[in-house]
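>>> Sharing a model prediction with you, sequence too.
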Amino acid sequence: MARRRKQSAFNLAGYIAIFAVVITIAVVTWVRGMSLQEQLDDYDVRQGQLSELIAQEENRTNQLEERKKYMQTKQYIEDVAREKVGLVYPDEIMFKSNK
């Protein structure tokens, strides 16, 4: 009978040890999962910021392309000549304000 009690005590201690290991693994897994979720949320925010930045840069690129096309036109050359140098066509009269 004493031997049976010893085996029972060992079985109970074994079950408790196994239970403790399982609980420990579950807690560690849960904590690590929470940490990974926070990291994922941070990455999602960063991805949104970067997507917005990409859209802004694409818009800027389009504006620069439009400006480049405009700078290759005769109209641009005329505008620069009028504004910077003050040139006019021979049959034009230029009026300047006193500002």
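Okay, I see it. What you see is a predicted model; the values in this text were computed from it and never measured.

>>> what about the protein, any weak spots by pLDDT?
1-7, 9-10, 99 (pLDDT under 70).

>>> So what's the gap between the helix or strand that contains residue 50 and the chain middle?
In this structure, residue 50 sits in helix 2-71 according to DSSP states H and E. Centroid separation for helix 2-71 versus its chain: 17 Å, with CA atoms, centre = their mean, to the nearest Å.

>>> next one: stretch 70-85
Going by CA atoms, centre = their mean, where stretch 70-85 is centred and where its chain is centred differ by 40 Å.

>>> what's next to that stretch, contact-wise?
87, 88 (CB atoms under 8 Å, 6 or more residues apart in numbering). For every residue, glycine as well, the C-beta is placed using N, CA and C.

>>> end to end, how far does that stretch reach?
Start-to-end span of stretch 70-85 (CA to CA, to the nearest Å) is 19 Å.
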